[in-house]
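how would this look folded up:
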Amino acid sequence: MLQSFYLILCILGFVLPYSQFVPFLLEHGLDIKLFFEQLFANRISGFFGMDVAVSSLVLWTFVFSEGTRLKMRYLWVYVVCNLLVGVSFGLPLFLLIRQRQVEQQTD
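All right, here's what the predicted structure looks like:
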């Protein structure tokens with residue numbers, strides 16, 4: 001049940017952010033300067049940008065500490081997923097694989 005929930009969150013965490021990012025790419029290309037200008041265009045968007053940046057650092061810390069504790073492999077994958085999509089994908093993906101690991105260890 002929990003694994004299914006994490007899988008649904010992974011799908012949403014991938015599809016929803018990219019539903020906004022792909023049109024930006026199609027219109028402007030990979031214009032990093034414009035991306036950050038728009039990300040920090042006002043205080044509210046800056047609030048969300050800073051929140052995601054801090055949340056990403058927390059995620060990386062959690063992935064490496066919890067993943068090492070559970071002897072999970074390929075922990076770098078979750079950081080890459082976080083960088084390519086966001087916390088909305090990297091976190092539920094890590095939690096999904098972590099849950100599988102926990103269930104395997106208790107069987």
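
Look at M72 and give its secondary structure.
When the structure is reduced to helix, strand and coil (DSSP: H, G, I helix; E, B strand; the rest coil), M72 reads as coil.

what's the neighbour count on it?
Counted with other C-beta atoms under 10 Å, the burial measure for M72 works out to 19 neighbours. C-beta here means a position set from N, CA and C on the backbone, and glycine is covered the same way.

For the protein, just list every one of the strands.
Taking DSSP state E as the criterion, the chain carries no strands.

Low-confidence regions, the chain specifically.
Residues of the chain that meet the criterion pLDDT under 70 are absent altogether.

And the helices in it, which stretches?
2-28, 32-39, 43-69, 76-84, 87-106 (DSSP state H).

what's the last one packed up against?
Helix 87-106 makes packing contacts with helix 2-28, helix 43-69, helix 76-84 when contacts are defined by 3 or more C-beta pairs under 8 Å, 6 or more residues apart in numbering; DSSP states H and E.

Would you tell me which one of these is buried the most?
Among those, helix 76-84 has the highest mean neighbour count (mean count of other C-beta atoms under 10 Å), at a mean of 16.

Understood, closing this out.
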